[in-house]
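J.: could you look at this predicted model? Sequence included:
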Amino acid sequence: MERRWFLFLAFLGCSCLLSLPQSVLPSYIAYNTTAGIVPGKINVHLVPHTHDDVGWLKTVDQYFVGANNSIRGLVCVQNVLDSVVSALLDDPNRKFIYVEMAFFQRWWRQQSPVKMKRVKELVKNGQLEFINGGMCMHDEATSHYIDLIDQTTLGHRFIKDVFNQVPRVGWQIDPFGHSAAQAYLLGAELGFDSLFFARIDYQDRAKRLKDKTLEVIWRGSKSLGASSQIFTGIFPKHYDPPDGFVFELNDVAPPIQDDILMFDYNVKQRVDDFVAAAMAQANVTRTNHIMWTMGSDFKYQYAVSWFRQMDKFIHYVNMDGRVNALYSTPSMYTDAKNAANEQWPVKTDDFFPYADHPNAYWTGYFTSRPALKGYVRFMSAYYMVARQLEFYKGRNSAGPNTDALADALALIQHHDAISGTERRHVAADYALRISLGYLEAEKLVASALSFLLKPKEEPKSPDISVTFEQCPLLNISHCPPSETALSQGKSLMVVVYNPLGWEREDVIRIPVSNNKVVVRDSGEKEVESQILPVSTISSRLKQLYVKAYLGISASESSMYWLAFPVSVPPLGFGTYFISIASKTDEEPSSIISTVSNSNENASDPVEIGQGNLKLLYHPGVGKRTQYFNSQTMVKVDAMLSYGYYSGNDGTDKDPQASGAYVFRPNNTYTIKTDDQAYLTVVRGPIIEEVHQQLNSWISQITRIYRGKDHAEVEYTIGPIPIDDGIGKEVISKITTSLKTNATFYTDSNGRDFIKRIRNYRNDWELEVNQPIAGNYYPVNLGMFVEDDTMELSVLVDRSVGGTSLIDGQIELMLHRRLIHDDLRGVGEVLNETVCVPEKCEGLTIQGKYYFRIDPKGGGARWRRTVGQEIYSPLLLAFSEQDGDGWLAPPVMNFTGMDPSYSLPGNIALITLQELKNSKVLLRLAHLYEVEEDKEYSTMSSVELKKLFFGRKISEVTEMSLSANQERYAMEKRKLKWKVEGASDEPEMKRGRPVDPADMVVELAPMEIRTFLVGFHYPQIYDF
């Protein structure tokens, strides 16, 4: 009987049993998982991980607790973390990496002290390693660099405070393309030794697989060069394991069955599978080290199912001996690559645009959900202001703070959030979180301004406090405090705060209900002002959106815009007063604009602009506009036009449709105006405007401010009609005669400008399948084109997609409304609507872009300076005053700096924040690249003693970008890499260390420096 049993097993191929007597058949196997790196063998680094989206199909909290499972069941992040920690505690050789601190923070605060202690031990011994370490895995196309720094800092501070750990590796495995700023700024400047990701263009990947160039040294900044390079690894396929090695409970990969008393014994077969997959990857990878990403989206719900199989593979593969398998992390893998002493190819520029097959360019999301993108940009600027004012007032942990707004803004940098690729209810959840954070920060701002208005002699006097209101819906002319009809004897106090480090002269506009008002400054001197009409379109938007968002009916009293110039000190405020003019003739009042209409077929041209810049509209509105600057003598035709692409419905041979991610146009249509359309011309001493109604759902106001040498274009688009069964992707074009040789430049997350060439890629010979979508790039700050004599620049107020499909032309995609899903996982059509009880309609977008034409080489200063002003608008706060209600003269003007000092024009203060430990987090950024501007692309300096005027600095410590380690220590331990070819790159100079005697910070082009600043006896008030 026993002989027949062995013969039967031998027939099945289980030859391993032939030599084992029944008495020694194993009942327990102690798997050897202690393997380390073995020289001379292919080392397969098994990296257990989970990719947990902080919102996408479900909200962040639904994903965490496992709710709303009608959308996607079996997804619960707290189960993942519970399960992983338990599995790690079972075997000290097991390892796991975790990325999203938004989830880990939620989980951490629910743990018992005993569990916390055990987890800290796992982190300390390297079993649990934090990778990337931001609150989320941020998007790299549609996020601004300041937001990326802030969200990363928030996560890194948590890791440092709780675990005293510093992440070493960037792990951007899922974003849809990768930016140059990510490489040098959100990589090397954080102290990361390496960066890993999965998504690159399918053509690029094919070439890199062939050439063994999936791993490179990425130099993302031409200004910082090798001083800010990073080792970068691209996965051969995706961020999940090789086929056949996914071990979630509901997956189909065959597990190792090594119990000889059971059927389907398959150890040899599975070891062979493992070795074959390892050899295949080794054939496209340099050195004898390869990485397997053992996990994917929301995996490890039951971690033992993964670790049990990896334990077995490590045990049996290493017994086999052909390759070596080990538990590893990206940090260990990076160290192994570095130790191999290999020379690596150099990569410059970026990895945009991304396509995963010939007709699927992921360039639509550059614009998707434009209202959300605009809201994030607005609130990001507000967060900057709130932190500054909190510092000047003094942080009070018991009072209102910016924490909720910080968390909300961090979450929405996620690559399925700010990108606009989440489901509608998830987008609403992000917006709600930001709104709640704003309400808390708004109290802080009001409190800080009220505090700063108090006379220094009586800083705690409660009798002269001022109550401020703010207007977050000012963009749609909704501002209750300014709309209130002021009675005689009262005035509206307007405090104007400037978050920039240089003095600012600008024009502000606020809605008012009376056209006979007077504006005075804090010295009671009348300020010239102008009354402009509120357009019918703005009034309609106000009524609809105030009701939709606030649930109230908006006042119909604001019939006018009041515009007046302001002059505001750096990091400070000025105060202005608005009152109703008296009825006497001697009383001055605002100048009422003249309004006239010009028929499109009229023969006389229309000119606007009183200063250097003039726009001349010739007959045929929108068809020919002449741009003339009398100072620079630039004179050129510049046609502004609108159109749309019809979204492909995916019904042809390729089922790819246009959707939230993918831009696949079908046809191009130009918006033609009605032959009887009018130009409405508004003239006045401060602002001149041309209003154009291009069709029933697109209108435009072109605006020129006195003293400004650029044009502001305010567009209103929507509701986009889809009742014809066609989705539409709306564009605006500026067309000139510049001979730009198929070349244009777009920014990288608001930092460096990168050269683009139409239908061309630096790294491979492009096969053009989508000549429109394949030439779109993300635009966060702006873009420009140039020829031998002139350059045309455009700046934007939010992330959009942009291109130049024709020489001399800039094209921006401003809005999208589609009727098909693009089959990339979101499972929902990008069809945004706004609803009131009576109806729902398509979303209307109101936004702005700005353009200017300069002699060649003259546009950089405008792009950088005005770009900062667009990102950091003046903050307005309102309070109605009796005029004689002050017990003591309040402080009407304030600057936090030495009154005689301002930052250099090429330096921006991007972070000023008091931390909980009373240290101040300070970041200064050089705004220019090398060779961008003759004067400003140079080393510059900031005097800290003047920046912190009236405070005695006790210490200044330079830190990494996320302030989680000292810069000196970071640089000292940075890995050195060899690159292919001659190393003839000049050494990049950076600012010298700060001398504690003179306290001067130097910054080289594109350098950002981060400091923790301490003060003697910090002046912190409770209020």
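T.: Okay, I see it.

J.: which residues does the spatially most central residue of the chain contact?
T.: Here the mean C-alpha position of the chain is nearest to the C-alpha of S143 (CA atoms, centre = their mean), at a distance of 1.4 Å. Shown in contact with S143 (CB atoms under 8 Å, 6 or more residues apart in numbering): 413, 418, 749, 780, 799. Quick note: C-beta positions are derived from backbone N, CA and C, even for glycine.

J.: pLDDT (mean, whole number) over stretch 942-957?
T.: Stretch 942-957 shows a mean pLDDT of 96.

J.: ugh, wrong one, stretch 692-705
T.: Stretch 692-705 shows a mean pLDDT of 95 in the predicted model.

J.: where does pLDDT dip in the stretch 201-350 of the chain?
T.: Low-confidence segments of the stretch 201-350 of the chain, defined by pLDDT under 70, are absent.

J.: show me where it has its strands.
T.: 215-218, 230-234, 289-294, 324-327, 343-344, 346-347 (DSSP state E, counting those that start in this stretch).

J.: what helices or strands is the longest one leaning on?
T.: It stands for strand 289-294. Packed against strand 289-294 by the contact rule (3 or more CB pairs under 8 Å, 6 or more residues apart in numbering; DSSP states H and E) you find strand 43-48, helix 267-282, helix 330-339.

J.: what's the spacing between V267 and Q309?
T.: 12 Å (CB to CB, to the nearest Å).

J.: report how many residues lie close to the nearest residue to F235 once chain neighbours are set aside.
T.: Nearest-residue entry for F235: A198, 4.5 Å, with adjacent residues in sequence omitted and distances by CB to CB, 6 or more residues apart in numbering. Using other CB atoms under 10 Å, A198 is surrounded by 20 other residues.

J.: quick one, what contacts A198?
T.: Under the criterion of CB under 8 Å, 6+ apart, the neighbours of A198 are 173-174, 234-235, 237-239.

J.: for the lengthiest helix in the chain, give the mean pLDDT please.
T.: Secondary structure of the chain per DSSP state H: the longest helix is helix 424-452. Averaged across helix 424-452, pLDDT comes to 97.

J.: which element follows it toward the C-terminus?
T.: helix 480-483 (DSSP states H and E).

J.: can you tell me which helices and strands that following helix packs against?
T.: In terms of contacts (3+ CB pairs under 8 Å, 6+ apart), helix 480-483 is packed against strand 491-498, strand 504-512, strand 875-881.

J.: the first one pairs with which strands?
T.: Pairing partners of strand 491-498, with direction, according to DSSP bridges: strand 572-580 (antiparallel), strand 875-881 (antiparallel).

J.: just say which of those is most tucked in.
T.: strand 572-580 (a mean of 22; mean count of other CB atoms under 10 Å).

J.: alpha carbons only: can I get it in PDB?
T.: Below are the C-alpha coordinates for strand 572-580, written out as PDB (Å, rounded to 0.1, in the frame of the first residue of the first chain):
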ATOM      1  CA  GLY A 572       1.800  94.800   6.000                       C
ATOM      2  CA  PHE A 573      -1.400  96.600   5.500                       C
ATOM      3  CA  GLY A 574      -2.900 100.000   4.600                       C
ATOM      4  CA  THR A 575      -6.300 101.300   5.600                       C
ATOM      5  CA  TYR A 576      -8.900 103.000   3.500                       C
ATOM      6  CA  PHE A 577     -12.300 104.500   4.300                       C
ATOM      7  CA  ILE A 578     -15.300 104.600   2.000                       C
ATOM      8  CA  SER A 579     -18.200 106.800   2.800                       C
ATOM      9  CA  ILE A 580     -21.200 108.300   1.000                       C
END
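
J.: can you tell me what sits against that strand?
T.: 449, 452-453, 482, 486-488, 490-498, 512, 514, 516-522, 524, 527, 562, 564, 566-568, 881, 892-897.

J.: what's the answer for stretch 408-415, then?
T.: For stretch 408-415, the external contacting residues (CB under 8 Å, 6+ apart) are 53-55, 60, 102, 134-140, 143, 147-148, 150-151, 154-155, 174-176, 372, 376, 379-380, 383, 417-418, 421, 430, 433-434, 436-437.

J.: can we see that at 6 Å?
T.: Judged by CB atoms under 6 Å, 6 or more residues apart in numbering, the contacts made with stretch 408-415 from elsewhere in the structure are 54, 102, 135-139, 143, 147, 151, 154, 174-175, 376, 383, 418, 430, 433-434, 437.

J.: now stretch 825-834
T.: 368, 421, 423, 548, 659-660, 817-819, 821, 840, 842-843.

J.: okay, buried residues for it please.
T.: 826, 828-832, 834 (16 or more other CB atoms under 10 Å).

J.: tell me the pLDDT of the closest residue to R951 other than its chain neighbours.
T.: Computed as CB to CB, 6+ apart, the closest residue to R951 that is not its neighbour in sequence is F1015, at 5.1 Å. F1015 carries a pLDDT value of 95.

J.: ok, now P619?
T.: At P619, the predicted lDDT confidence score is 67.

J.: same question for the one 5 residues further on.
T.: Listed pLDDT for R624 reads 73.

J.: and it, what does it touch?
T.: Applying CB under 6 Å, 6+ apart to R624 gives the contacts 618, 637, 639.

J.: show me which of the buried residues of stretch 825-834 is closest to E943.
T.: Compare each of the buried residues of stretch 825-834 with E943 using CB to CB and the shortest gap goes to E832, at 48.0 Å.

J.: and the closest one, how far from A428?
T.: When CB to CB is the yardstick, E832 and A428 sit 10 Å from each other.

J.: name the nearest residue to N597, sequence neighbours excluded.
T.: Here the nearest residue to N597 in space, its sequence neighbours aside, is Y678; by CB to CB, 6+ apart that works out to 4.5 Å.

J.: buried ones in the longest helix of the chain, by neighbour count?
T.: Going by 16+ other CB under 10 Å, helix 424-452 has these buried residues: 426-427, 429-431, 433-434, 437-438, 440-442, 444-452.

J.: same for that helix, what does it pack against?
T.: Helices and strands in packing contact with helix 424-452 are listed as helix 370-393, helix 403-411; criterion 3 or more CB pairs under 6 Å, 6 or more residues apart in numbering; DSSP states H and E.

J.: is the nearest residue to L128 once chain neighbours are set aside part of a helix or strand, or is it coil?
T.: With CB to CB, 6+ apart as the criterion, L128 has its nearest non-adjacent residue at 4.2 Å, and that residue is L122. Classification of L122 into helix, strand or coil gives helix, according to DSSP: H, G, I helix; E, B strand; the rest coil.
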